[in-house]
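K.L.:
Here is a sequence together with a model predicted from it:
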Amino acid sequence: MPLPEAFLQELKHRCNLAEIAAPYVNLRRSGRNLVGLCPFHSEKTPSFHIYPDNDSFYCFGCGAGGDVITFIRRLENLDYIEAVKFLADRAGLQMPEDRVDDGYARLKARILEINRETARFYYHVLMSAQGRRGLEYLTGRALTARTIRHFGLGFSPETRFALVDHLAQKGYRQDELVQANVAFRSARGRLVDRFFGRVMYPIIDLRGNVIAFGGRILGDGKPKYLNTSDTPVFRKSSGLFAMNFAKNSANGQLILAEGYMDVIALHQAGFTNAIATLGTALTAEQARLMARYAKEVVICYDADGAGQKATARAIPILREAGLEVRVLTVTGGKDPDEFLRSHGEQGPARFKQLLEGSRDDVEYRLQKIRDSCDMRSAAGRVSYLTQAADLLATLDSKIEQEVYASKIAAEQGVDRSAVLLQIARSRRKTSQARQKQEFRAMQQASSGYRDSVNPEKGEHLRAANAEEALLAFLFDHPDMARKTAEKLPPEKFCTEFNRRVYRTILGKMIDGKACSLTDLSGEFSVEEISAIARILAVYHPITAGMEDAKEYIDVILQEGARLGAAEIASADGKAIQAYLQTLREQKK
């Protein structure tokens, strides 16, 4: 059942979008609106907008949009009711529990039970004769029994049915095992273990729940690492391995390593603030999670080419989350695990020296640029100075820009003002590129290009654009809903999605009441709310009056009266006659 209207209105009143977003996004004022770097995708120039007039947000870069509930849903990977509960707790509101359908919540709780039992099963297998290969592998990597137990490491048996048989005996249904992604159905319909013959690494969330698994194969099979796919309780792009431990000992700093074994080896050596991503490249969501527990992140990726590329990609993402960044280069081309083992008892002390000698990310990146240029030639020096200025232009802090510009100018024997001028040019160029990107995004949206939410838009472009303009008008003028409904009933809309939005908001505005995205967020998906937010964002700068609304209505009625070419080809004589009569009446 839907949540009571009075409760939603109070929630909306207490949960200001700009205030909720502030810890996640560094916002600055731009006229009446707020602008910042989008928290939902990686970008260097801000395309994320908050509109305080209607408490909505929209990103012209990735298309994410909505209200405060949608914002939390996306950020925290929550369903609608969970997001409402999150905000209600923050605002000190009591949830009307008796009105909430908690079927999805029960499913998630069931999956967490399955994961916990699965982790126990894998651990017991590791400690049995079946898990001898796995235990030999882990002890061969110098892990102690205490470390193995601390991380709950395990082993998935070679057989394909050991786990599903065990969980069936515990009373779990086959469909639940599939949804938890610990099993899948074979071509013959038999339920099969997802993991087999692998050392298992449980992935645990901040509340101590086992939410997923990573498995490393023993031998030369592929893939080397296999991870749980996204489930109702797990999303690879938002979690971090060992963050449940590291958050308690971060003390302002986290070490970002590349793999599970690197993190485990670092923890065993006393560096319990080490974490890793979950088999994917670093995301903005993961960076924001780190920013909750630390001010600084030390990147400690492998020294090979792939590791260096990953480092270059991670730096701006971490910076955009407001984190200070340092880069630790492990000597000898080793990863942290190999480095610690190769130095035996001296491993922790030697690694601490590396940690203390790590460079800040700007110095690291400047050195990378310097190494790529022939500094003996004039052309090489110009290339270095140009690329360095482009890098400094991405820094938000004017002080940082000034300090590094002075340092570079002194090193290269050039005027500091010339470096600063080049930085300013680079920033202007980037700003212009962002404006073009937003303009292209608006153009594509207006043309219906690849509109997955409203796929009919491209076919009925003129009508769909008029429909969107009318919807935006009604959000601003709810008192005109009744008159608009009299002139244009919902069935006259040409596109199904816009028709559904129109019918829904009319039902809420018919007595002149205002309607916001929060009033709709329980009835539309996250993607659909984003589409409505885009409409509001595109038409936000446009002041439309009743005469404009009449024009929108006329366009919709005209377009609705026309038959498409395919309809004419398949229509009978009576339908064509009726169509011609309609055209005659319109001409009169």
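P.N.:
Looks like it came in fine.
K.L.:
Span of stretch 286-303 from start to end?
P.N.:
With CA to CA, to the nearest Å applied, stretch 286-303 spans 22 Å between its terminal residues.
K.L.:
For that stretch, what is the distance to the chain centroid?
P.N.:
The gap between the average C-alpha position of stretch 286-303 and the chain average comes to 16 Å, counting by CA atoms, centre = their mean, to the nearest Å.
K.L.:
In that stretch, which residues are buried?
P.N.:
For stretch 286-303, a neighbour-count test (16 or more other CB atoms under 10 Å) marks 286-291, 293-294, 296-303 as buried. Every C-beta, even on glycine, is put in place using the N, C-alpha and C of the backbone.
K.L.:
Helices of the stretch 51-200 of the chain, start to end?
P.N.:
Chain-ordered helices for the stretch 51-200 of the chain, with DSSP state H, counting those that start in this stretch as the definition, fall at 68-76, 80-91, 103-126, 132-140, 145-151, 162-169, 174-180.
K.L.:
helices or strands next to the fourth one in the packing?
P.N.:
Right, helix 132-140. If you count contacts as 3 or more CB pairs under 8 Å, 6 or more residues apart in numbering; DSSP states H and E, helix 132-140 packs onto helix 103-126, strand 154-156, strand 198-204.
K.L.:
Please spell out which residues along the longest one are buried.
P.N.:
Buried positions in helix 103-126, judged by neighbour count with 16+ other CB under 10 Å: 107-108, 110-119, 121-123, 125-126.
K.L.:
mind checking pLDDT for N77?
P.N.:
Turning to N77, the model gives it a pLDDT of 78.
K.L.:
tally of neighbours for S530?
P.N.:
The burial metric for S530, expressed as a neighbour count using other CB atoms under 10 Å, is 23.
K.L.:
Tell me where the model's unsure across the stretch 451-588 of the chain.
P.N.:
563-588 (pLDDT under 70).
K.L.:
mind redoing it with 90?
P.N.:
Low-confidence segments of the stretch 451-588 of the chain (pLDDT under 90): 451-452, 458-461, 510-514, 522, 540-546, 559-588.
K.L.:
all helices for it, in order.
P.N.:
Along the stretch 451-588 of the chain, the segments classed as helices by DSSP H, counting those that start in this stretch run 461-476, 481-487, 496-509, 517-520, 526-539, 546-561, 565-570, 573-587.
K.L.:
Would you mind pulling the contact partners of the fifth one?
P.N.:
Outside of helix 526-539, the residues within contact range by CB atoms under 8 Å, 6 or more residues apart in numbering are 49, 51, 54, 56-58, 60, 63-67, 70, 73-74, 442, 445-446, 451-454, 468-469, 471-473, 475, 497, 501, 517, 520-521, 524.
K.L.:
Can you give me the distance of the closest residue to M127 other than its chain neighbours to L126?
P.N.:
Nearest non-adjacent residue to M127, counting by CB to CB, 6 or more residues apart in numbering: L135, 7.3 Å away. Distance of L135 to L126, computed by CB to CB, to the nearest Å: 6 Å.
K.L.:
Common neighbours of the two, please.
P.N.:
Both L135 and L126 are in contact with I148, F155, where contact means CB under 8 Å, 6+ apart.
K.L.:
I figured P336 hits H267, correct?
P.N.:
No - because the distance of 10.7 Å does not satisfy CB atoms under 8 Å, P336 is recorded as not touching H267.
K.L.:
Between the two, which has more neighbouring residues?
P.N.:
Neighbour tally, P336 and H267, criterion other CB under 10 Å: the higher count belongs to P336, 27 against 21.
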